[in-house]
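# for reference, the sequence and a predicted model appear below.
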Amino acid sequence: MSAPVTSVSPDARGLWRAARGPLLAAAVILLTAALVALFTTGEDGYLNPRSATPQGARAVVELLAERGVETVEVSGVEEAVGAAGPDTTLLVIVPDLLSPEATRLLHNARGPDAPGRT
């Protein structure tokens, strides 16, 4: 008489039972991260003109607006060049991150004879 044959390798049902807990946990973590990213305003950045935190610049923007100065937030060299004019003051928060080409473009954005400095 021979012994019954049994398999020691897991079948699909066994694999699913073993993996569903970690898969559910990963799904919950990913969903939570997506919701946090969706509902986070991102206004806590250093010198962000929309941020009212101690590192933000919202108070400065409001003070300038009270004095009739319009502020425009841009997020790239091309946007800054497009928004610049002869009477523009340009604030670059981290100038060390600019390439020499970007620095040249920003310096010349207000026009060749524009007074002031970058």
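Nice, thanks for sending it over.

# what does the domain assignment say about this structure?
13-43, 45-71, 74-112 (the TED database).

# among these, which is nearest P4?
With Cβ to Cβ as the measure, domain 13-43 is the member of the domains of the chain nearest P4 (18.3 Å). Bear in mind the C-beta positions are built from the backbone N, C-alpha and C, glycine included.

# tell me where the model's unsure across this protein.
By pLDDT under 70, the weakly predicted segments of the chain are 1-3, 5-7, 40-44, 112, 114-118.

# buried ones in whichever helix in it runs longest?
The longest helix of the chain (DSSP state H) is helix 12-39. Using 16 or more other Cβ atoms under 10 Å as the burial criterion, none of the residues of helix 12-39 qualify.

# just how off-centre is that helix within its chain?
25 Å (Cα atoms, centre = their mean, to the nearest Å).

# number of nearby residues for the residue nearest to A18 when sequence neighbours are not counted?
With Cβ to Cβ, 6 or more residues apart in numbering as the criterion, A18 has its nearest non-adjacent residue at 7.2 Å, and that residue is P10. For P10, the neighbour count with other Cβ atoms under 10 Å is 11.
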